[in-house]
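A.B. asks: Below: sequence and its predicted model.
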2 protein chains.
Amino acid sequence: MTHVPLLQERDRLTPLRIASSMAPTGAVSAELAEFTAWFADCHRHAYAEVERIPLDRLEGWYVERDTGNIRHHSGKFFSVEGLFVDLPGGPVQRWHQPIIIQPEIGILGILVKEFDGVLHCLMQAKIEPGNANGLQLSPTVQATRSNYTRVHGGKPVPYLKYFVDTARSSVVADVRQSEQGSWFHQKRNRNMVVEVREDIEVLDGFRWMTLGQVHQLLAVEDVLNMDARTVLSCLPFSGGDLEQAYPLAGDDAFQDALVRSCDERSGSLHPMSDILSWITERRTLTEITTRIIPLNTVAHWDFGPERIEHETGRFFGVIGVDVTARGREVTHWTQPMVEPHGTGVVAFLVREIEGVLHALVQARVEPGFVDVIELAPTVQCAPQNYDLLPTVPSYLDDVLDAEPERIRFATVLSEEGGRFYRARNRYIVVETDRDPRTVPDNFRWLTVRQLIELLRHSHYVNVQARTMIACLHAMVAGLPVDQRSVTGGQLGEPGHELGG
Amino acid sequence: MTHVPLLQERDRLTPLRIASSMAPTGAVSAELAEFTAWFADCHRHAYAEVERIPLDRLEGWYVERDTGNIRHHSGKFFSVEGLFVDLPGGPVQRWHQPIIIQPEIGILGILVKEFDGVLHCLMQAKIEPGNANGLQLSPTVQATRSNYTRVHGGKPVPYLKYFVDTARSSVVADVRQSEQGSWFHQKRNRNMVVEVREDIEVLDGFRWMTLGQVHQLLAVEDVLNMDARTVLSCLPFSGGDLEQAYPLAGDDAFQDALVRSCDERSGSLHPMSDILSWITERRTLTEITTRIIPLNTVAHWDFGPERIEHETGRFFGVIGVDVTARGREVTHWTQPMVEPHGTGVVAFLVREIEGVLHALVQARVEPGFVDVIELAPTVQCAPQNYDLLPTVPSYLDDVLDAEPERIRFATVLSEEGGRFYRARNRYIVVETDRDPRTVPDNFRWLTVRQLIELLRHSHYVNVQARTMIACLHAMVAGLPVDQRSVTGGQLGEPGHELGG
């Protein structure tokens, strides 16, 4: 047999390459201006006309006679059914709700390639009917399982082949991660980052960007879509030599603590074995029972021809939309969507402990999770619903009452625009001086490195926490608190919304 | 706030402490003789009388009228129901079978403590009615969820408190792992290793042993029980300085390759990111559908008053047993058990690649797995069933036809003695010179370190592979191929079996 070379753990080299792609390559304002011009041009050529319509005017969808479930005639896409939840000891112990069922696992993939020694991501300007501004920046590929197994034939998805057959490329990340466990039943997507060396043709609506350039957009309202954020969060950005790329400044204790928090040589309040044990314990001791039930048996929800709503008008509704997407071709369809009421609050409380930044993480139960609990941000809620509930979420007041100089990051970002209508959360990083030695049983202080390590595996970190981790990555390279001051709020066009 | 000390990753220190506990502390034969005397003494005071009885003579169990499912009157323990499996592309594409349903997650825990600087495990001689020799060596604790939440009251399980409240101790490992996916539906147990510093009273039937002493028993037939093996496999035994404890011998290439395989500085054929991507791909692309069905609708199985059997008489049967356990108290019960036909073969093909030992791992589908596939040994089958199937398992011939000097380890060990009647597998490590560059899509060569890293997380490595990993750990310290030559086959008593 000829010589078979062994590989050192490739991941050890990756963090530094990621770090150097995160660094600003030029003047931030000039880069953003150039992106803004390109994105506005994309928006002139591709936009969505979205109109709210009553559920009984959906075309291609039907209400199943016995169950009231909403399904597509083709059997594809997704269905809206009912869920029964029993959670002894929870703030609400039993409830019914509508839920989206979409069991297939799709691919969310970012193609990366080195140019002049710097990793670039191939990003796509993509129509997102549910989102406020119609067009958002998305990963290279968002493909359903039918797309990539090609069982239904159909138009090939550009660049998908690089994610389906990785034999000639390098896989940087490839992990199934959950999506909103309050609205989806066990929905997962494969989050992939694949590096190619060959030449790649850049199609209309696609653009190579450094990580730094993509990260800047995290501070802009409603531009970087959820799928892009979750894939970015899975980059293995933690290692032993980050100070090479990000020397400690000395004059900015917060920034230095954040860099140390990504460094694998730094200590942590809890060793990983204790964190894993805590997760095992929460998953073992939490008793939750869920059962899919017919949508028409869901109690305390009103079913009108227009929409399905909770009898209080709170939480979320199921609505219909009519979408005309205009790009090189015009496509038209209608579909049901989930419309939450009010902008949510998603926040990490962070603090340095002995010079290393830690984030306060919640072991959170959501009924759609595959494995009982996942790690979530400190606070994740829609504050307008809480007058209906017996208890206020832990730490919500710490976030809402934070002094402005304690707010290290704050932007409103949209959730998945293909299923959710105007689902927006304010993502906030708040510095606190809470004593780290006393936390409730369902909270723990983790370093960024520990979260990144967990993200190599499925179902540990929920989708909201993944957006926050992408933001923390971006802050390592100096993301401003809010980018609107740079762009003057001009990024993206006002949109072509007809309804709402 | 006062000083809050940060911890370095404790796991970095653990491997060396484990390594030193694995080393022989004295003459192996003398230690074994002492153990044998103690174990024989235990056996005189605690043994099981086990009699096969017809299913219709089970007491405390009933057959549910509509479904034919076998349940306990208390609603506790487990039930035997039916499973429908659809596995397109599998060797058999669709089948029905009986399956054990036991949804509660119990604790399998080993308590460890340092004596004279060496870690010792508190092991228990425990009655196992399904096993050939009645008494086996088990972890400190085997507890059901009802035991540790104490919902049903009942007698407290000795030492359980150290696993339920770990505040005053150190958790070395704590991870939910699957059990036999062919016979159990989504059964998991928490595998825990907890280190204490306080004094511990040693009760009758318990004994402190070094890891080396426990490992020696892996080479003895039917002594170390499955629960002990799976917990031992979860020890984080891989690190950067193993050569301190196990200097490379130079004259034994196999042994040196094995030590390097546990060392985190050694390379591997595939980096971990590629292994994780391969697992993600297999889990995403494999289409398996399973559904619990009434036991009385299971096709191709014969239901007699005596037993439930496949119409061919192969695979396994469901039988009844009557158990009288005699220890300080006498307890008597009856229960159903799964009885497989014939001794199984479980084998790892291993080979050095550039001086580092790699094991050929299979991404295996079992219908009871929680997450589609888990990593299994190269070969895992009951050879006597394969004349009924269209294809012979890959690599089975490599194992069955191996030259004796290629067999690095071989012992017959029992599976879980509380649910399985005389379920025995021959565990074999075979050295091969197969070309590592060409393997089927569902196989990969992994180092021992990579397997140990995956074992920190749930549902990656199946229970048979975990036994093999415990054996590979033991081989680092020089486990003989087969211990019977040392003990003269006298270990344990012939047993007090009445039936069979």
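C.D. replies: Thanks, I have it.

A.B. asks: Every contact and neighbour count from this point should use C-alpha atoms.
C.D. replies: OK.

A.B. asks: didn't A:I53 look like it was pressed against A:E306?
C.D. replies: Yes: using Cα atoms under 8 Å, A:I53 makes contact with A:E306 at a distance of 7.2 Å.

A.B. asks: So the spatially closest residue to A:Q450 that is not a sequence neighbour versus A:L455, what's the distance?
C.D. replies: Closest residue to A:Q450 apart from its sequence neighbours, by Cα to Cα, 6 or more residues apart in numbering or on different chains: A:M272 at 7.0 Å. The gap separating A:M272 from A:L455 is 13 Å, by Cα to Cα, to the nearest Å.

A.B. asks: do A:Q136 as well
C.D. replies: In terms of Cα to Cα, A:Q136 sits 24 Å off from A:L455.

A.B. asks: so where's chain A shaky on pLDDT?
C.D. replies: Applying pLDDT under 70 to chain A picks out residues A:1-2, A:8-13, A:149-154, A:239-240, A:480-500.

A.B. asks: ok, which residues in it are in contact with chain B?
C.D. replies: A:1, A:3-11, A:105, A:171-176, A:190, A:265-274, A:276-277, A:280, A:284, A:353-354, A:435, A:437, A:456-457 (Cα under 8 Å from any Cα of the partner chain).

A.B. asks: and those, which of them are in strands?
C.D. replies: Within those, residues falling in strands by DSSP state E are A:171-176, A:190, A:353.

A.B. asks: Could I get the buried residue list for the helix ranked longest in chain A?
C.D. replies: In chain A, taking DSSP state H as the definition, the longest helix is helix A:28-45. Within helix A:28-45, the residues scored as buried using 16 or more other Cα atoms under 10 Å in any protein chain shown are A:32, A:35-36, A:38-40, A:42-43.

A.B. asks: how near is A:Q186 to chain B?
C.D. replies: 12 Å (Cα to the nearest Cα, to the nearest Å).

A.B. asks: now do A:D227
C.D. replies: In this view, A:D227 and chain B are 18 Å apart by Cα to the nearest Cα.

A.B. asks: what's the particular helix or strand that has that residue in it packed up against?
C.D. replies: Here A:D227 sits within helix A:226-233, counting by DSSP states H and E. If you count contacts as 3 or more Cα pairs under 8 Å, 6 or more residues apart in numbering or on different chains; DSSP states H and E, helix A:226-233 packs onto strand A:106-115, strand A:135-138, strand A:188-195, helix A:463-476.

A.B. asks: Would you mind finding the most buried of the ones you listed?
C.D. replies: Using mean count of other Cα atoms under 10 Å in any protein chain shown, the stretch among the helices and strands packed on helix A:226-233 with the largest mean neighbour count is strand A:135-138, at a mean of 26.

A.B. asks: now that one: how far from the chain's centre is it?
C.D. replies: Offset of strand A:135-138 from its chain centre (Cα atoms, centre = their mean, to the nearest Å): 13 Å.

A.B. asks: hey, C-alpha coordinates of that strand in CSV?
C.D. replies: What follows is strand A:135-138, C-alpha atoms only, in CSV (Å, rounded to 0.1, in the frame of the first residue of the first chain):
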residue,chain,number,x,y,z
LEU,A,135,-35.3,41.2,0.0
GLN,A,136,-32.7,39.9,2.5
LEU,A,137,-29.1,38.6,2.3
SER,A,138,-29.2,34.9,2.6
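
A.B. asks: Downstream of it, the next helix or strand is which one?
C.D. replies: The helix or strand immediately downstream of strand A:135-138 is strand A:141-143, counting by DSSP H and E.

A.B. asks: what lines up beside that next one in the sheet?
C.D. replies: Strand A:141-143 has its sheet partners listed here by DSSP bridges as strand A:106-115 (antiparallel).

A.B. asks: before we move on, the earlier item: please tell me I have it right and the residue nearest to A:Q450 contacts A:R449.
C.D. replies: No: using Cα under 8 Å as the test, A:M272 is too far from A:R449 to be in contact (10.2 Å).

A.B. asks: Which of the two has more residues huddled nearby?
C.D. replies: A:R449 (24 against 21; other Cα atoms under 10 Å in any protein chain shown).

A.B. asks: one step back: spit out the residues that contact A:I53 and A:E306 alike.
C.D. replies: Common contacts of A:I53 and A:E306 (Cα atoms under 8 Å, 6 or more residues apart in numbering or on different chains): A:319-320.

A.B. asks: Pick out whichever of those two has more residues nearby.
C.D. replies: Shown here are A:I53 and A:E306; by other Cα under 10 Å, A:I53 has more neighbours (21 against 15).

A.B. asks: contacting residues around that one?
C.D. replies: Here A:I53 is in contact with A:306, A:319-322 (Cα under 8 Å, 6+ apart).

A.B. asks: how far away is A:E221 from A:A132?
C.D. replies: Taking Cα to Cα, one finds A:E221 at 10 Å from A:A132.

A.B. asks: Then A:D41?
C.D. replies: 18 Å.

A.B. asks: Phi first, then psi, for A:R282.
C.D. replies: Note on A:R282: backbone dihedrals following degrees, to the nearest 10 are phi -60, psi -40.

A.B. asks: for the closest residue to A:R176 other than its chain neighbours, which residues make a bridge with it?
C.D. replies: Nearest residue to A:R176 in three dimensions, chain neighbours excluded: A:R190, at 4.2 Å (Cα to Cα, 6+ apart). In this entry, A:R190 is beta-bridged to A:I107, A:R176, by DSSP bridges.

A.B. asks: contact partners of stretch A:330-337?
C.D. replies: For stretch A:330-337, using Cα under 8 Å, 6+ apart, the contacting residues are A:55, A:58-61, A:130, A:318-325, A:418-421.

A.B. asks: tell me which residues in it are buried?
C.D. replies: A:334-337.

A.B. asks: got JSON lines for those, with distance to A:E195 and secondary structure too?
C.D. replies: Output for the buried residues of stretch A:330-337, formatted as JSON lines (distance: Cα to Cα, whole Å; DSSP: H, G, I helix; E, B strand; the rest coil):
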{"residue": "A:T334", "distance to A:E195": "36", "secondary structure": "strand"}
{"residue": "A:Q335", "distance to A:E195": "35", "secondary structure": "strand"}
{"residue": "A:P336", "distance to A:E195": "36", "secondary structure": "strand"}
{"residue": "A:M337", "distance to A:E195": "34", "secondary structure": "strand"}
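
A.B. asks: Pick the one among the residues you listed closest to A:P247.
C.D. replies: Ranked by distance to A:P247 (Cα to Cα), those are led by A:M337 at 46.3 Å.

A.B. asks: Give the bridge partners for the closest one, please.
C.D. replies: Bridge pairing for A:M337 - DSSP bridges - gives A:I319.

A.B. asks: Next, find the distance separating it from chain B.
C.D. replies: Per Cα to the nearest Cα, A:M337 is found 26 Å from chain B.
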